[in-house]
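In: Sequence first, predicted model second:
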Amino acid sequence: MKTSTKRTILAAAISSACLLTAMPSYAEGSFTANASATSNYIWRGLTQTTNEAAVQGGIDYAHESGFYAGTWASNVSYASDDIYSYEHDVYFGYSGESDGIAYDFGYLYYNYDAEAEFDFAEIYGSVGMGGVSVTVYLLAHTEADEAEGQDFGFGQAYYASFDYTTEILNGTELTLHAGYHSGDFVEAFNFGDGETDSYADYGVSIAKDGFSFAVTGTNLDDVGADALDNDELKFTVAYSVDFEL
């Protein structure tokens, strides 16, 4: 995901956060759709497409009360011969603002090819003021089997991120990001090496009128020859568009 809604490629590339964009109300709520194309699908600093392009899209519903729900999908690939081909997310939550402090919390389910047997879900919460936001995701449950010594229980893996966004140059948005991912499930889902159960990621991006450019990286060491290169800086260009339904 992934955060969010992944409704913009900036969210996918930098933090995957599930933030709703308010639209005119329809029967006390609104439906929007989104579509994007990106040169690389980056999730928490890691490529989800072996550094290849992705086409993504989803549908969101937002109620004037603050409740929202949506679904989002993207192609994925972690190796040339693996069984993963898509990611399909379903999420719902509640967001609002009080005394200048924005908040957002909810539930996010990540669905992959049935053969992978690695679907999982997270609960998340975010608070922000001005251009600063702090978000935490906690592992809720997963269909993946634990190996000996692993714990995939509730809250046994987490992702925490800090983001700062400010406007520059006639409406262009600059975003700075730092995150930290930790837990046995992090190792099992992302690396499978029996060792790497935590890492940090960081990024900077600029976005305007649906276009975005991001530079992201991690503190991971070189793990040898593969198509992921998650120890290297990644440069992502993307375009996204929203539609009112």
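Out: That came through, no problem.
In: so where's this protein shaky on pLDDT?
Out: Scanning the chain with the threshold set as pLDDT under 70 gives 1-27, 223-225.
In: try it again with 80
Out: 1-28, 222-226 (pLDDT under 80).
In: would you list every one of the helices in it?
Out: 9-14, 184-190 (DSSP state H).
In: show me what contacts the closest residue to Phe243 other than its chain neighbours?
Out: Nearest in space to Phe243, with sequence neighbours left out and distances taken as CB to CB, 6 or more residues apart in numbering, is Ala33 at 4.5 Å. Every residue, glycine included, has its C-beta placed from N, CA and C. By CB atoms under 8 Å, 6 or more residues apart in numbering, Ala33 lies in contact with 57-60, 242-243, 245.
In: Now flag whichever of the residues you listed is closest to Tyr202.
Out: Gly58 (26.0 Å; CB to CB).
In: For the closest one, give its distance to Glu64.
Out: 21 Å (CB to CB, to the nearest Å).
In: for Ile83, same thing?
Out: 42 Å.
In: what does Phe189 give?
Out: For Phe189, the distance to Glu64 - CB to CB - is 36 Å.
In: Show me which of these two is the more surrounded one.
Out: Using other CB atoms under 10 Å as the criterion, Phe189 and Glu64 rank with Phe189 on top: 22 against 11.
In: Now do the contacts for the residue lying closest to the more buried one once chain neighbours are set aside.
Out: Counting by CB to CB, 6+ apart, Phe118 is the residue found nearest to Phe189 once chain neighbours are left out, at 6.3 Å. By CB under 8 Å, 6+ apart, the residues touching Phe118 are 112, 142-144, 189.
In: again, 10 Å this time
Out: Phe118 is in contact with 83-84, 110-112, 142-145, 185, 188-189, counting by CB atoms under 10 Å, 6 or more residues apart in numbering.
In: and those residues, which are buried?
Out: 84, 110-112, 142, 144, 185, 188-189 (16 or more other CB atoms under 10 Å).
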